[in-house]
Every structure is written in structure tokens, then in C-alpha cells.
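Novice: dropping the sequence and predicted coords here.
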Amino acid sequence: MGIKRNSSICGLSLGLAMFSAGVCAAEPSELPRISIDSLLGNYQGAFRLSHSDGVSKTGGAEGRIAYNAQNHSIFVDSYISQDAIAEFAVPSTFSKSQDVSVLGKAQVLQGFQRVLTRSKTGNNQSIDTIGGLAMVNGELVIQTYEYYDAPADNTYTSLVVRDPDNLAGSEIAGFFEMEGAGHTVNYVSPIPPEWQQVLGGKYLAGNGDGVSINSRASMGPSLFVIDDADLQNNSGVVGSTALMDYPLNHALSTEVYPYSSYDYGLWDIYNNTGLNSNFAETNDLWVGISAGRYAFIVPGTRTFAVIGQSGMAESGGGYKITQDNGNLCGGPCAYSSSDSYPYYWLYDLNEIMSASKLYLPLPYEYGKFDNFFPWGKPSAASYDPETGALYVLNKAATKDDSTGDPVITVYKIGEGDLVDVTPETPETPETPETPETPETPETEGPEVVLEAAGRCLGAPELALSDSNVVVVSDVAELENAVSNISDGMTILIEAGEYYLENTLNLRRDNVTLSGVGANCGEVVIIGKGMENSNYGGVPHIVYVSKSNTVIANLTLRDVYFHPIMVSETAESPHFYNLNLLNAGQQFIKVSPVSFGDGVDNGKVEYVNMEYSGQPPNISGEAGTGYTNGVDVHAGANWEIRNSRFANFHTPDSADYLWNPAILMWNGASNTLVENNVFIDVDRAVAFGLAERANDHSGGIIRNNMVSYSSGLYSSYRKSESDAAIVVWHSPDTQVVHNTVMTNGNLNNAIQFRWDTDGGFVGNNLIDDSIHARGGAQFSQGSNVQFTGSSIFVDSSEGNLHLQSTATSALDAVDLLEGAGVDIDGNSRPTGSGLTDAGADEAGVRPNPMQPDNLIEVN
């Protein structure tokens, strides 16, 4: 029988088949949600795991498990300090007896084998604990962490056993670094087919505390959708999208916290102290000993189910207290030694997807459940979607101490009456019919020309591959093409507006995503809004995780995080002829593997990056004003040219006041930034930012125009400012032939700071100083200083081309090697040996930098 509310769902009586994709052709958001009785009400019985060999044993095992459908078996980890894995056959029958001595014992298929010391990358982060197990695409994924990571800075999260049938000899890939780090290190489970397109992936991962060092964990069950394709690599980043997460200062709670900061000694923020806090005395939702051990989406429903343990609701609790039995706790615990129990939390996926913050969803149902073996508490589970069997491991359940063997209880989901607990929606009274309006005769109107706010920059047409081409004309076709993308594919998008429901995840090599024509304004791809934290499946417009990706001839706009997000697993991306508008954070964000190891050989050409008004004024995930145009961590040999950056100035009230439009740092090197225009930005270009050696090294900043509107900065902002172009801890960097008009807004035009040995600054046209700070050393050529804006063609539009009357700048400096052309690509004269200061060579201007075919702001 099927899920029902008085009658069967969709008018059908369904068995287990209702848990497959496409049930009743319902949209996932219209699926029912179920109760704990539906989830765990059909108990099948139990069996025990008991084994000891020369490597490890089941006694006292943490017991992370993964069901293996191929062998009808269970993988389980070992005693906590030994961290090995064994495989057991699932018995053909289970016992419902609660006498552990009569429970059937599972047959050992593979004895314990150590895994953490066999990773291909080595283990330089002291990973020593298995947090979870899961079968993913026929391979065994091991979630890992360091037991006591006091700095909370580990990034390693995962290993993959390539051949699970050969635990002793299999290659073990990794360590992988799952985005979300400690907030992903426990459960991994499959996403039902009906939810995969909506959520943007096939597997989810998460953590529900239960680890030492709370600052690295989620204080409530987290939900990250992961890119399982990344696990096919030898190591590296596994991309993820966070849908629910509870950081330490936003623990799962029914109330706003009574304190602005947390205090480990008080514990009444998210613990039940039983002392003097009314909130704490009634808090049974999530406390300091709560742990979500396994989570999965129940197929055919919209229920996200979490199973684990909790306590403190009866006796209260505290931190490192002495319990009623004399036990001195090493961390948080209940006053009564018996005040802990199996617990569950059930969430509505609709509410998760619509929450304005990742930490705001609340479970619609939660509480205790009976695991039938009171000595043991649930420490892991694994779900088999083919049979509907849920296997729950209860740690040390065979003894009244921590040395007992685990017992696995088995539940069958989908058999019996599964009750839909979705609240009834009151019926709306019928509205009287409105008389039909007579049809209006068709008239032929003017052709509609799709133009985007912002502008295209007149890029020469880019040659695209003509093989393996897929042409799409609506958002469903676009998202389907991306979901089925293959190496070398070119996706061409016909003119129109495309409102995304899912981020476009370009997870294959040599892929091109482009509009059909050379006008970047004809194809507009739109997110959920830069200030809309209810972004659903669209945190970014495009996500790039592989090599040689080309994105061209498009407008990407209005997105909560990044129009383009580049994972550290990518290489050599090329972004060409784009119009990027209104990003909640960075417009093009490029993540690193580590300091000095990032995505190399990227190109950004003819890209307009602009806020239609001002940067977002919401706190977002990182604070107000957290934005850049291009933000590259650790990348080498990037080229950023012929692009435009406008309206990046944040208000004085923002958390971030000095965002470079182009930021190259965290060990980046040999960047070329040339022929760009910057209008009203907080900083234009930063090579290096942090006070550490070689935050950037090498590179050239040349032929750029930077302008600020008069009175843009307050007096406070100016007093705190540094410069439009900053070179900080970036040795061997050249800054040549730039035109910078600060208009009185900044303290300096160009600033060198800390270690800049081998640097050179010359032939710049500036209205403020070049400044050395923090012991910076560099050499200078001739730089020309000007006053006012009359020497320029149109400074209000960022057009700092020189008028013929700009005599102080004309033929004012020696020609430099490597600077033989100006911002427009025109050759600087070589006859006299003198050339104009700044980005423009006034004597030769057959083609102005800004073309006539701009698509202007609407």
C-alpha cells in the first residue's frame, strides 16, 4: 500500500514502486512528507557483527557502514584507534529478539584492512578517523577527519577504494577535499532520481556534529550536494553546493540565540543546561551531545531524514561535568548517565530549498525512537534504494559498556501504510467565472531585439569548434545538455532569456558554452538574484571543474554567489566576450588547491563586469560588500585584458571596503593585466594582498585606465585608503603605462608594500603619488603627474584617452621594452625614442578603445 491521506496518493495504491522516479508524474516539490512511523515502523529484525583478527576488531567499533548491493553485504569500520574496514555478508534472516546472545552473526567476507595510510597523496594532515562510508558508482567512498583538529584547518575529507572486492590490494585514491570540509565528513547517500535535477547532483554529503572541535562541524544536520564525477580523479577538490548548514554561531535552534557570541562555559546557547535558562530547560531540538549520524532523502517523498542520537532533555547537561554515576565527562554530557537516546530529525526539502539562510530550516518532526538495544546508540546507517532496506548500526550494543560488538537493526521503508503528514491546505472558495474577453486581432509589431543591461566590448569573433555541437533554445534543453555533457562538447545557446533552476556544471574537459552569435547581449542567463539567499539550485550561474573550458558570447547576471565559479581541479579556462552583471560575491572566483598551487593559464578577455547600481547590501555568507571582479587564488600565468570593471565601490557601512576589481594572490604568479578600464572601484588591481612572502610574484600591470568620480569617497574613506593599484609582497612586478585619475579620492595612485624587490614602475600618468610602504624596494622610471580632467576625452565614462592639448603627457617618457603598443593596440612611435605617458598614445588613434557597437545600460 502507498502513502495515503485517507485515500491513496494520486488516486493510486502503490507499494515499494512508489519510491521510484516519476511517481504520479508529480513535481518533487509536490511529493508527500512522512512521519517516523512510516520511516522506522516496519522493523525487520537485527543481526550482530563479531570479528577479531590481526588487524582490528568489531568490539568498540565506531561502526560506520555502507551497504554493498552487489554482494548483499555491509562494509564496516573498526575499533576507533585502528581505523580499518571489513566486509560482512547480510544474513538471509533477521531475529526480532532483543537478547543479543541469540542474534545471528554475519559471515565475514573480507577481514579488516587498514586504509588511511594507503592514500596516493600521502597523509600530511594527520587524518586518523573514519567518519562515514558509502558506495558511490560501485566504489567505496571513505569520509575521514583528524580526531582532534584543534586549529580546525584540515581540508582532507575523502578516500576512494577503487576495487571494494579487494580491500587488501585495491588502489586507494585521495585524499580528496570535499567543499564544505568538516561539514561533510560523515554521511554520504544517494539522491533519488526524482530530486537529482532539482538539487543538481546524484549524491549528498553532510555532518551533524558528533566530532571534537565544534568550530569545524555543523551544529545541526548539514546537506551538501556533491559532484561525484570529481571522485574519478586521483585526488583534488570535490565540488559541492550547500543547501543546509549550521555553523557554530548559528546552531540548529527554535529561537534566536540569547547571546551575540558563544561561550564554551555557558552551553545554554545550544545545550540544555538545566540551570537558569528557560530556553535551555525546554531545548530538546539540538544540544551539545546531539549527533546526526546518517541522513538521506526518502525516495518518493520530500522528506530529508536524519538518524542519530541526542539527550539532556530530562536531566539537563553541561560541559566537562560530573554525571550522577561519578563519571567525569571530557566534553559536553547529560547530568544523568542514562539521559541519552536514539534520535531523529525529519526535514521538508521544500523548506530547505526556500530558506533565506542555510541555518534557518527547522525539522517538521523530531524526537526519540526505539532502537530495541538500549546499550547501543545509532552511530551509522546505510540505505538501499533498490529494496527499501535501512540498516542502522548500534555501537557496542552487546554489552553495557563501550567494548561490545555492534548490532545492526533493519527496517523496510515502503511496505505498510506510509502516512503523508503534509499539513492540509485550506480549500479556497471558488471564484466566479469572469466573462471571456473578446480576442484582439493579431497585429504585426516591431521586431523585439533582446539587449542586456551592461555592455559588450566589441570583441573580435572567436573561432569555436564545429564538432560535437549541441544547440539549445530553452532552459530545459540547456540544463539537460549540461547534465549530459561530454568531453569536447560545444553547447550553443540561441538568443533569448534563460532563467536557471540549476547551476550549469561544466564537469568535462575541452567544453565550450557559448551564445550562437558574437553579440554577448543576445543570450542572457539569469540566476535568482544577487541578494536572494533563497537561490535554490543556482548558487552560481556556471561552475567549471575541468580543463580548457571556454565560456563566450553571453550575458550572465543576477546570482547570489558567482556568475562563474572555477574549481581548483580546472586548468586553462578562457572567458571571452561576456557581460557579467550583479554578482552577490566575486564575478569570476578561482579556488586554489593550496598556497601557490591553483588553476593556471586562465584568460579573461573582453569581459564587462558591472553592478547596475551598487554592490549587494546584504550580509550574505561572508558579510556586506564581499566582492571582486576577478579573484584568483594561487594561479599562474593568467592574462586579463581588454575588459571593463564598473561600480564596485561599496558604502562606508560595508564589512569590506577595499575590494580589488582584479585580485591575484595566495601564491599567484606571472599575471598579465593589460588594456582594461576601471570606473569607480575601491581598488583596481592588487598583485598580492596578505602579509606573507610571495603572495604574488612577477607579472605586468600595463596600459590600464582607472578613473574615480569626484567626491566618490567620504573623508573617512579617503583617510583609510591606500591606492588604485597595489603591489604587496609581489617581487619582480612591472607597473607601466597606466593612467590613473583618483580625482582626490585616494591617498596614492600606485602603492608598493613589503617585499617588492625587482619591481619597476614607469611611464604612468597619474594625479597622485607613487608610494613605498612597509620597507618596499623597487625602481622607478619616468612617471608624469597631472591635475584636473581636461586632458582626457571623457573621464566621466572612464575614457582617459588623451586630448591633443595634453602637452605634459605627450612625448614625455622614454619608450620601454615590452610596451610598444597602447591600450588600443596602436604602436607607439619609435623614431624619437619618446612616447606618451599613460595608457594611450595620442598621436595614433585610428580605432578608439571603446567601440561604437556598445550595448549601453538600459
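Specialist: Yes, it's here.
Novice: excluding sequence neighbours, find me the nearest residue to Arg162.
Specialist: Glu171 (4.6 Å; C-beta to C-beta, 6 or more residues apart in numbering). Heads up, the C-betas are built off the backbone N, CA and C, glycines and all.
Novice: tell me which residue lies nearest the centroid of this protein.
Specialist: Nearest to the geometric centre of the chain sits Thr241, at 4.8 Å (C-alpha atoms, centre = their mean).
Novice: doesn't Val538 make contact with that residue?
Specialist: No. Thr241 is beyond contact range of Val538, at 9.4 Å (criterion: C-beta atoms under 8 Å).
Novice: the residue nearest to Arg162: neighbour count?
Specialist: Residues within reach of Glu171, counting by other C-beta atoms under 10 Å, total 12.
Novice: same check on His771?
Specialist: By the other C-beta under 10 Å criterion, the neighbourhood of His771 contains 16 residues.
Novice: returning to what we had before: overlap in contacts, Thr241 and Val538.
Specialist: Between them, Thr241 and Val538 share these contacting residues under C-beta atoms under 8 Å, 6 or more residues apart in numbering: Thr503.
Novice: can you show me the helices along this protein?
Specialist: Using DSSP state H, the helices found in the chain span residues 36-40, 193-199, 278-281, 349-354, 475-483, 715-720.
Novice: so for the fourth one, mean pLDDT?
Specialist: Going back to what we said before, that points to helix 349-354. Looking at helix 349-354 alone, the average pLDDT works out to 91.
Novice: and Asn637, how many neighbours?
Specialist: 16.
Novice: going forward can the numbers begin at 14, since that is how I track them
Specialist: Yep, numbering from 14; the last one is Asn650 now.
Novice: over to it: give its phi and psi.
Specialist: Phi and psi for Asn650, reported as degrees, to the nearest 10, are phi 60, psi 40.
Novice: just checking, it touches Asn683?
Specialist: Yes. In this structure, Asn650 is within contact of Asn683 by C-beta under 8 Å, at 5.0 Å.
Novice: for Ser369, see how far away Gln322 is.
Specialist: The gap separating Gln322 from Ser369 is 30 Å, by C-beta to C-beta, to the nearest Å.
Novice: between these two, who's got more neighbours?
Specialist: Using other C-beta under 10 Å as the criterion, Gln322 and Ser369 rank with Gln322 on top: 24 against 10.
Novice: picking that back up, any idea how far Asn761 is from the residue nearest to the centre of the chain?
Specialist: Between Thr254 and Asn761 the distance, using C-beta to C-beta, works out to 41 Å.
Novice: quick revisit: the closest residue to the residue nearest to the centre of the chain other than its chain neighbours: neighbour count?
Specialist: In space, and not counting its chain neighbours, Thr254 is closest to Val238: 4.7 Å by C-beta to C-beta, 6+ apart. Other residues near Val238 number 24, with proximity taken as other C-beta under 10 Å.
Novice: hang on, isn't Val238 packed against Gly214?
Specialist: Yes. With contact defined as C-beta under 8 Å, Val238 reaches Gly214; the gap is 4.0 Å.
Novice: which neighbours do those two share?
Specialist: If you check Val238 and Gly214 against C-beta under 8 Å, 6+ apart, the residues they both contact are 204, 254.
Novice: may I see the helices of the chain organised as JSON lines, with distance to Pro355 added?
Specialist: Shown next, in JSON lines, are these (distance: least, C-beta to C-beta, whole Å):
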{"stretch": "helix 49-53", "distance to Pro355": "9"}
{"stretch": "helix 206-212", "distance to Pro355": "26"}
{"stretch": "helix 291-294", "distance to Pro355": "22"}
{"stretch": "helix 362-367", "distance to Pro355": "23"}
{"stretch": "helix 488-496", "distance to Pro355": "38"}
{"stretch": "helix 728-733", "distance to Pro355": "55"}
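Novice: can you pull out the low-pLDDT segments for the chain?
Specialist: For the chain, the stretches flagged by pLDDT under 70 are 14-39, 93-94, 267-295, 427-466, 632-635, 843-845, 856-871.
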